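Asks: Predicted model and sequence follow; I will ask about them next.
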Amino acid sequence: MVTIKSEKQIEKMKEACKITAFVYEEIEKYIKPGITTMELDHFAEKIIRQKEAIPAQKGYPSGEKNVPSFPGTLCISINDEIIHGIPSSRRIIQDGDVVSIDLVVYKNGFHGDAARTYIVGETSPEKKRLVDITKQAFFEGLKYAVKGNRIGDISHAIGEFVNSNGYHVVKEFQGHGIGEQMHEDPGIPNYGKPGKGIRLEPGMTLAIEPMVIQGKPNICVLDDGWTIVTEDESLAAHYENTILITEKEPEILTLL
């Protein structure tokens with residue numbers, strides 16, 4: 001069921017989203033070669049707690065009988081890891097790593113969800129282009145996130161843009177509605193046909209999140225039950241924002 005938020009609910013949700021955006025601004029200053037992904041995770045959690053909010057991904061159930069709940073504040077996925085990488089005191093961020101981070105903040109009964117990909121230290125034209133195309137794919141989809149359009153219009157725009165630039169989207173995972181629950185209806189694939197899916201209405205809040213692979217589109221799940229990687233070990237990137245459908249242009253809630 002798709003929920004339409006009231007003005008009061010939207011104001012509450014904006015607070016969680018602004019904290020999410022603030023954490024990313026601080027991460028961008030903090031992340032560097034030589035720190036562990038666990039250090040980065042603790043850094044983010046401290047900020048969230050100081051804002052009297054909750055890291056919503058910490059303890060999130062896997063849904064699988066033999067896979068424990070997610071242990072971290074951040075999903076930190078490096079290079080060929082696409083999403084859901086688990087923070088570790090043994091994983092040291094290296095110069096030139098492509099680091100995708102996914103964060104969900106919970107406050108006042110509502111969630112804010114966003115993802116960013118950073119190139120740490122030295123970069124290359126190939127890495128920069130992948131990250132730039134992934135980010136731009138979100139904004140290509142955003143153009144169609146307007147009242148009266150359909151979910152498929154967003155999905156199609158993302159997929160066509162990514163494919164036309166020589167990359168692949170991840171088809172097994174998708175964006176989603178968001179609000180009181182981290183994952184709500186509707187699902188928002190990063191590919192599809194225009195004119196399909198539910199019609200967009202003011203008050204809908206959506207997490208749109210292109211996940212882009214540099215090589216072949218095949219993916220695998222690591223033995224931890226969480227981390228999703230590219231089968232051919234090619235690089236991947238992730239970019240996401242929580243948005244609000246309005247009477248006019250969509251509003252990005254997780255940017256300051």
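Replies: Good, I have the coordinates.

Asks: from the chain's centre, how far out does the helix or strand where residue 26 lies sit?
Replies: Using DSSP states H and E, residue 26 sits in helix 7-30. Centroid separation for helix 7-30 versus its chain: 14 Å, with C-alpha atoms, centre = their mean, to the nearest Å.

Asks: Show me what counts as buried in the helix or strand following it.
Replies: Downstream of helix 7-30, the next assigned helix or strand under DSSP H and E is helix 37-50. Residues of helix 37-50 classed as buried by neighbour count (16 or more other C-beta atoms under 10 Å): 37-41, 43-45, 47-48. Just so you know, the C-beta spots here come from the backbone N, C-alpha and C atoms, and that holds for glycine as well.

Asks: quick one, helix 37-50 and helix 7-30 angle?
Replies: Calculated by axes from the mean of the first three to the mean of the last three C-alpha atoms, to 10 degrees, helix 37-50 forms an angle of 140 degrees with helix 7-30.

Asks: Pairing partners for the helix or strand following helix 37-50, with directions?
Replies: Note on helix 37-50: by DSSP H and E, the next helix or strand toward the C-terminus is strand 54-55. Applying DSSP bridges to the sheet, strand 54-55 is found paired with strand 98-107 (antiparallel).

Asks: avg pLDDT for the partner strand?
Replies: Mean pLDDT, strand 98-107: 98.

Asks: Stretch 249-256 too?
Replies: For stretch 249-256, mean pLDDT is 97.

Asks: Just the endpoints, please. Distance across that stretch?
Replies: By C-alpha to C-alpha, to the nearest Å, the extent of stretch 249-256 from end to end equals 17 Å.

Asks: Buried residues of it, list them for me.
Replies: Within stretch 249-256, the residues scored as buried using 16+ other C-beta under 10 Å are 250-254.

Asks: Secondary structure for those - can I get that in CSV?
Replies: Below are these laid out as CSV (DSSP: H, G, I helix; E, B strand; the rest coil):
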residue, secondary structure
250, coil
251, strand
252, strand
253, coil
254, coil
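
Asks: which among these gets closest to residue 222?
Replies: For the buried residues of stretch 249-256, the closest approach to residue 222 (C-beta to C-beta) belongs to residue 254, at 27.5 Å.

Asks: what about the helices in the protein?
Replies: Assigned by DSSP state H, the chain shows helices spanning 7-30, 37-50, 125-142, 151-164.

Asks: so which of the ones you listed comes closest to residue 211?
Replies: Proximity to residue 211 (C-beta to C-beta) singles out helix 125-142 among those, at 7.8 Å.

Asks: I'd like the mean pLDDT over that closest one, please.
Replies: Across helix 125-142, pLDDT averages out at 98.

Asks: Report the buried residues of it.
Replies: Going by neighbour count (16+ other C-beta under 10 Å), the buried part of helix 125-142 is 127, 129-131, 133-142.

Asks: again, but for stretch 180-197
Replies: Neighbour-count burial for stretch 180-197, counted by 16+ other C-beta under 10 Å, picks out 182, 184, 186, 188-192, 194, 197.
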